[in-house]
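Chemist: The sequence and its predicted three-dimensional model are supplied below.
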Amino acid sequence: NRDIIVCVRDYGMSLAINKRKEMFDYMKKKGVSIRYITSITADNIQFAKEMSKLVELRHFEIPMPFIVTEKECLLTTKIEKRDPNELIRSNVSSMVTRMRDLVENIWAIAVPAKQRIEQLETGEPPTLVQYLRGRDSVYKLIPQFMAEAKRDILWMTSANGVKRMHKNLRPFVKEALKRG
């Protein structure tokens, strides 16, 4: 089973449709599975509809374009005027494996194109998936999260996490309890 995962910035989708449609058709006929991750916005929704006919498409904000196959990965290092002008190509097994793991994790949390397009067309609030790095970024977000909760807050953490929450978030928990 051959698989290619393409992760591009939002403008990359229009380039792919305009310049690579025949290539995608050819690859699909040869049994290659093409998964495509990009940002689907109101500005590119028509391209997303077209692209979803060609590939399996999902929505996620990609900070850096890259492509991963079973044996290789291609990464952009510098982009000028929306065109990559520096690339890293690697077939180093450990690098390809790490990139595939990264992409599989992104794929798992990315929103299916159909759902994202529906959100844009109906005005439904977008699904939010956010990666927080470090304790400080988590502690900054939690008070806002607690203030916006309407009914229940469910915490899943370790024993040490409970101690840290008690130490750092106690005033916010008390405020949430007062609201009921």
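Modeler: Thanks, I have the structure now.
Chemist: Name the nearest residue to the spatially most central residue of the chain, ignoring sequence neighbours.
Modeler: Nearest residue to the geometric centre of the chain (CA atoms, centre = their mean): residue 60, 3.2 Å. Among residues not flanking residue 60 along the chain, residue 110 sits closest, at 3.9 Å (CB to CB, 6 or more residues apart in numbering). Backbone N, C-alpha and C define where each C-beta goes, glycine included.
Chemist: just to revisit the earlier point, distance of the residue nearest to the centre of the chain from residue 35?
Modeler: 11 Å (CB to CB, to the nearest Å).
Chemist: Any stretches of this protein with poor pLDDT?
Modeler: Low-confidence segments of the chain (pLDDT under 70): 1, 9-19, 78-85, 126-132, 150-156, 179-180.
Chemist: surely the residue nearest to the centre of the chain meets residue 111?
Modeler: Yes: counting by CB atoms under 8 Å, residue 60 touches residue 111, with 7.1 Å between them.
Chemist: quick check, residue 177 in a strand?
Modeler: No: read with DSSP: H, G, I helix; E, B strand; the rest coil, residue 177 is helix and lies in no strand.
Chemist: Three-state assignment for residue 3, please.
Modeler: Criterion first, three-state DSSP; result for residue 3: strand.
Chemist: So what's the residue count around the closest residue to it other than its chain neighbours?
Modeler: Using CB to CB, 6+ apart and skipping residues adjacent in sequence, the residue nearest residue 3 is residue 33, 4.6 Å away. Residue neighbour count, defined by other CB atoms under 10 Å, stands at 13 for residue 33.
Chemist: Can you tell me how far the residue nearest to residue 157 when sequence neighbours are not counted is from residue 41?
Modeler: Once flanking residues are discounted, residue 157 sits nearest to residue 165: 6.8 Å by CB to CB, 6+ apart. Residue 165 sits at a distance of 36 Å from residue 41 (criterion: CB to CB).
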